[in-house]
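> Below is the sequence, then the predicted model.
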Amino acid sequence: MNCFKTYFIALLILFCLPILSFSQELPPVLTFSPKDYQADNQNWSVTQGFNHYMYMANNIGLLEYDGEDWRLYPSPNQSILRSVFYHDQKIYTGSYREFGFWEKQPAGNLIYNSLSKDIIDSIGTDEQFWTIERLENWIIFQSLDNLYTFHIENKSLKKISIDGAITKIYKVDGDLFFQIVNKGLFKIEDGEPVLVSDHYLFREHAIINLYAYPSQVLVQTDTEGIFTLEETPQPWPSTSNAIDDFTVYTSLQTKNDGIVLGTISEGVVFLDSEGIIQNQITEQETLFNNTVLSVFEDEDANIWLGLDNGINCVNVNSPISVFNDDNGVLGTIYASLVFEGKLFIGTNQGLFYRQLEDSTADFKFVEGSKGQVWTLREVDGYLLCGHNNGSFIFSEDEFRQISDLLGTWCFKTIPGRPDLLLQGNYNGLSILEKTENTWRFRNRLDNFDVSSKFVEFTSPNEILIDHEYKGVYRLKLNDRFTAVDTVSQFEAISNGLYSSLVKYKDTIYYAQQRGVWRFDSAKNEFLKDSLLSRLYTENVYSSGKLVTTGGEIGLWSFNKNSIDFTLQGKINNSFRLASIPITSDIRGAMVGYENVYHLGDERYLLGLTQGYIIIDYKKFLDTAIDESLYITSVKYWQTGKQASFLDLETSSELKNNMNNVHFNFSVPYFEKYFTSEYQYRLNGFIDEWSSWNERHEVAFNNLPFGDYEFQVRARVGDRYFSEPEAFSFKINRPFALSNAMLFLYLILIIILFSIIHNVYKRYYKKQKLELQHQANRELELKQLESQQEIMQVKNEQLKQDIDNKSRELAASTMSLIKKNEFLGSIKDELQKAKPIPLNAKKVIKIIDKNINNTDDWKMFEEAFNNSDKDFLKTMKSKHPSLTPNDLRLCAYLRLNLSSKEIAPLFNISTKSVEVKRYRLRKKMDLSREIGLTDYILGI
């Protein structure tokens, strides 16, 4: 047993042995490095589980791959995970002294449940569980020493002890087989080991697997090949095909009864149902590592390889096969052609060929062809080669030069002249002529020296030429094809990078980034073709190169995201557009030099920078894509906080501050050349679908509160369109906008409105009162104004009366003055007579009496009081010592009378008046600075 363990471990570490490689067309291979899946190198077992996701038993845990993203679930006890098996929504795994199962959670993650923890004491200290199988209602876990069975329904565990070392367990036709080293092949019957064969082949060599065929069971050994399971085992197949040259570590029987061998240091080997080797893929071709630790066939017949370093997926049923020129022998392919049963390849290294039907044969170099080959064409049983060094012809294994004009881009048959060919060269045009049953150089065409990469005839003497930097030319040739007579250009269409000119079904098409134009010979102009222009849009434009081939596909174009082409209509001469979703990154072709050749039976060869691919279009159409689109995870988080996962099976409600949401989605379709594209939208936020792109995740940040539905749909080229997958969630309103708070706001608003109403009511009432008061005040003011107007009228009337009385007073005063002056003058005249007569004396007395008449003063006083009634009272109150004569003097001064005018009124002299004025000042106690008249006028 210890010897077997030593041998078994030696098998695990045996690699890096030299291998013999050969060229072959292989299925596409997906490669995943440890850097891609972020785990350890070795992958010991593979299975397919939930939603067709892939699971790998890795050194440090369980790997999950959904077609877009890898996830690692660490091993339960930090040991190497050796085995993985899927059944009934559970992923069973085995490792060091541990086995159990993983279950998918509503959020999309896996949770582990240990089955071995209750029997850990019965598990050996060195036991690891290498294989897991299901038999009826039992899950069997196999270590090198024992079998442990777990009943799916009653959950019971049972240990089956084996006397010897077990290499592996194999399920065949409902029976469970296993090998005990040095004892032979056994199977389980009634829970006990039963010997099936103790033939030395099965005792001395490790059995890798058993294969069930209708009439026999085959046994795969590690180093001796395959044998029939019978009393005397026979090699299978009966004719040797070097199967026993491989050291096999793992294998499987495919659904179509083929066999896949995972070897140590020699990659993976594919056998058909007859045991014949179909392919061997090694690290030299596309494998990431030559030691294969596990093999698994998924639902789409892809073969998954768990390697000693990395993971590969072989698309064995792909409509695409690949020839990889990893050693750089061929170089970049620019042209291909089948000639005399051979496939010729023109590259930047020269011309190569091999037998068409033998895809495993090496390409042979055509001597003398070293250098850049631009084009290949068969004409009249000859293979013409357009080369950097000129033009060459290949016939009867002879390759010879027929033109030394540098750079032959193309060969074109001249309409009506089967004996002539037009060549497009680096520096213009030239003619080949068929003479003496071969093609020879005849002449170069004069008057035109522009590089002529794309040339098409519109009539026997007129051609169109496209130059990507200079535009499209129209040339008229002379009848002898010795010179160009006229040259013109089409100004209406612009030149374009990687543009091209091609004739398809008698119509010439010009293609560049802005679209496709067809030439209308009647109008002598290019008209834009609305259908074919859909081949090019600015965001996906890669190359304007159009290629024509035979077969169902007519025109080929090449974009960033796909290869597009036209398909001939079944009823009429129209055509429709279709595509194959092979991106420019995956194609790796030289932009502007894309080339396609129809091999027959709807198989097309596409030249690449490191080899070529062959597209089987019939198989492409027949290959259905049955995968579904899944939303794999939904994360949410508060800005600046750690994210959490949402339940994918139910709608969710999120707090208002948890308003950042991230979605992952995928189609578990594992095809190298056909990538999935997605569209998505978030109803309630962005209702328009996004553009198609390869992004399989999207995040929405700082979403406002509301109800949302995330929708996503997928496509693979134009063959597969999924129904939209949806996930609904709600972001709650903030607490300030919750129902309780809204109700509170409503109450507060009602209260507020009530308060406002009352305030306004009081305000309006107050306003009403104020308005009433204002109206009353205005009324009062109007009344006052009326009264004032009346008073003003009265005052004016009074003033007028006063003025009148003042005038009367002034008049009476003046009259009095004049009267006194007159009487005074009479008196003076009477007194002049000496002696004064007695009668004169009587008259003088009468005059004196009349001048000093108190009645005159009373009349004046009354008139003065009517005019200025308060003046005399004011003077009396201010100066109580004033006598009536003083008041009389004040009254005269109030009338602004001079001393001369006052003197007659007192019947005294002017000087006496001045004395009276002086005495009055003293009684009034006026200072010198104050004038007496000014003082009296100011009162």
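Perfect, I can see it now. Numbering: from 1, shown residues only.
> for the residue nearest to residue 33 when sequence neighbours are not counted, what are its contacts?
Of all residues not flanking residue 33 in the chain, residue 310 sits nearest, at 5.1 Å (Cβ to Cβ, 6 or more residues apart in numbering). Bear in mind the C-beta positions are built from the backbone N, C-alpha and C, glycine included. Contact analysis of residue 310 by Cβ atoms under 8 Å, 6 or more residues apart in numbering lists 31, 32, 33, 34, 41, 43, 288, 289.
> Among the residues you listed, which one has the most neighbours?
Within the contacts of residue 310, most neighbours by other Cβ atoms under 10 Å means residue 43, with 30 neighbours.
> which residues does that residue contact?
Counting by Cβ under 8 Å, 6+ apart, residue 43 makes contact with 56, 57, 58, 59, 63, 293, 294, 306, 307, 310, 311.
> now swap in residue 413 and tell me
By Cβ under 8 Å, 6+ apart, residue 413 lies in contact with 379, 421, 422.
> Confirm that the last one sits in a strand.
Yes: with DSSP: H, G, I helix; E, B strand; the rest coil as the criterion, residue 422 is part of a strand.
> and it, how many neighbours does it have?
21.
> and it, bridged to which residues?
Counting by DSSP bridges, residue 422 is bridged to residue 412, residue 431.
> ok, now how distant is it from residue 58?
Separation of residue 422 from residue 58 (Cβ to Cβ, to the nearest Å) stands at 62 Å.
> quick one: the strands in the stretch 501-650 of the chain?
Per DSSP state E, counting those that start in this stretch, the stretch 501-650 of the chain carries strands over the ranges 507-512, 515-520, 525-528, 541-548, 553-559, 563-568, 575-580, 596-600, 603-608, 611-616, 630-637, 644-645.
> So which bits of the third one are buried?
For strand 525-528, the neighbour count (16 or more other Cβ atoms under 10 Å) marks residue 526 as buried.
> where's that strand relative to the chain centroid, distance-wise?
Distance, stretch centre to chain centre, for strand 525-528: 36 Å (Cα atoms, centre = their mean, to the nearest Å).
> With the fourth one instead?
In terms of Cα atoms, centre = their mean, the centre of strand 541-548 is set 27 Å apart from its chain centre.
> Show me what it is packed against.
Applying 3 or more Cβ pairs under 8 Å, 6 or more residues apart in numbering; DSSP states H and E, one finds that strand 541-548 makes contact with strand 500-504, strand 507-512, strand 553-559.
> which residues make contact with the longest one from outside it?
Going back to what we said before, that points to strand 553-559. Around strand 553-559, the neighbours that count as contacts under Cβ under 8 Å, 6+ apart are 502, 504-505, 509, 511, 532, 535-536, 540-549, 563-568, 575, 584, 587, 589, 594, 596, 598, 602, 604, 617.
> run the last query once more with 7 Å
Outside strand 553-559, the residues that touch it by Cβ atoms under 7 Å, 6 or more residues apart in numbering are 504, 511, 535, 540-543, 545-549, 563-568, 575, 584, 594, 596, 604, 617.
> and residue 53, what is it in contact with?
64, 65, 66, 668.
> Turn those into a markdown table, including neighbour count, secondary structure and pLDDT.
Listed next are the contacts of residue 53 as a markdown table, based on neighbours: other Cβ atoms under 10 Å; DSSP: H, G, I helix; E, B strand; the rest coil; pLDDT from 0 to 100:
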| residue | neighbour count | secondary structure | pLDDT |
| --- | --- | --- | --- |
| 64 | 24 | strand | 98 |
| 65 | 23 | strand | 98 |
| 66 | 22 | coil | 96 |
| 668 | 23 | coil | 95 |
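> For residue 330, state which of those is nearest.
Checking the contacts of residue 53 against residue 330 by Cβ to Cβ gives residue 65 as the nearest, at 33.4 Å.
> tell me the contacts of the closest one?
Contacts of residue 65 by Cβ under 7 Å, 6+ apart are 53, 54.
> With residue 718 instead?
Under the criterion of Cβ under 7 Å, 6+ apart, the contact list for residue 718 reads 578, 579.
> May I have the predicted confidence score for it?
The confidence metric pLDDT takes the value 75 at residue 718.
> Can you check my assumption that it lies in a helix?
No: counting by three-state DSSP, residue 718 is not part of a helix but coil.
> Show me the one of the strands of the stretch 501-650 of the chain that comes nearest residue 786.
strand 630-637 (82.2 Å).
> Within the sheet, what are the partner strands of that closest one, with directions?
Next to strand 630-637 in the sheet, as set by DSSP bridges, lie strand 644-645 (antiparallel), strand 660-666 (antiparallel).
> so can I have TSV of the ones you listed showing mean neighbour count, mean pLDDT and distance to residue 77?
Shown next, in TSV, are the strands paired with strand 630-637 (neighbours: other Cβ atoms under 10 Å; pLDDT from 0 to 100; distance: least, Cβ to Cβ, whole Å):
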stretch	mean neighbour count	mean pLDDT	distance to residue 77
strand 644-645	14	94	25
strand 660-666	22	97	29
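> Residue 235 is nearest to which of those strands?
Taking Cβ to Cβ, strand 660-666 is the member of these nearest to residue 235, at 45.0 Å.
> Output that closest one as PDB - backbone C-alpha positions only.
Taking Å, rounded to 0.1, in the frame of the first residue of the first chain, the C-alpha atoms of strand 660-666 are listed here in PDB:
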ATOM      1  CA  ASN A 660     -25.900  52.500  -3.900                       C
ATOM      2  CA  VAL A 661     -26.800  49.200  -5.800                       C
ATOM      3  CA  HIS A 662     -24.500  47.000  -7.900                       C
ATOM      4  CA  PHE A 663     -25.700  44.200 -10.200                       C
ATOM      5  CA  ASN A 664     -23.700  41.300 -11.700                       C
ATOM      6  CA  PHE A 665     -25.200  39.100 -14.500                       C
ATOM      7  CA  SER A 666     -24.000  36.400 -16.800                       C
END
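> Need the contact partners of it.
For strand 660-666, the external contacting residues (Cβ under 7 Å, 6+ apart) are 66-69, 629-637, 639, 643, 678, 696-703, 710, 712, 725.
> Filter those down to the buried ones.
66-68, 629-637, 678, 696-698, 700, 703, 710, 712, 725.
> if we can go back for a sec, distance to residue 244 added to the strands paired with strand 630-637, as a markdown table?
Shown next, in a markdown table, are these (distance: least, Cβ to Cβ, whole Å):
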| stretch | distance to residue 244 |
| --- | --- |
| strand 644-645 | 52 |
| strand 660-666 | 42 |
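> what about the ones you listed, which gets the closest to residue 123?
strand 644-645 (33.7 Å).
> Show the subsequent helix or strand relative to the closest one.
As assigned by DSSP states H and E, the chain's next helix or strand after strand 644-645 is strand 652-654.
> Follow the chain on from the strand or helix carrying residue 711 and name the next helix or strand.
Using DSSP H and E, residue 711 falls within strand 706-716. Following strand 706-716 in sequence order, the next helix or strand is strand 720-721 (DSSP H and E).
> which secondary structure elements does that next one contact?
The helices and strands touching strand 720-721, judged by 3 or more Cβ pairs under 7 Å, 6 or more residues apart in numbering; DSSP states H and E, number zero.
> Centre of the chain to that strand, how far?
In terms of Cα atoms, centre = their mean, the centre of strand 720-721 is found 22 Å from the chain centre.
> tell me the mean pLDDT over the next helix or strand after that strand?
Moving toward the C-terminus from strand 720-721, the next helix or strand (DSSP H and E) is strand 725-731. Average pLDDT, strand 725-731: 95.
> Which positions within strand 725-731 qualify as buried?
The neighbour-count check on strand 725-731 (16+ other Cβ under 10 Å) flags 725, 727, 729, 731 as buried.
> list the contacts for the second one?
Put plainly, it is residue 727. By Cβ under 7 Å, 6+ apart, the contact set of residue 727 is 631, 634, 648, 710.
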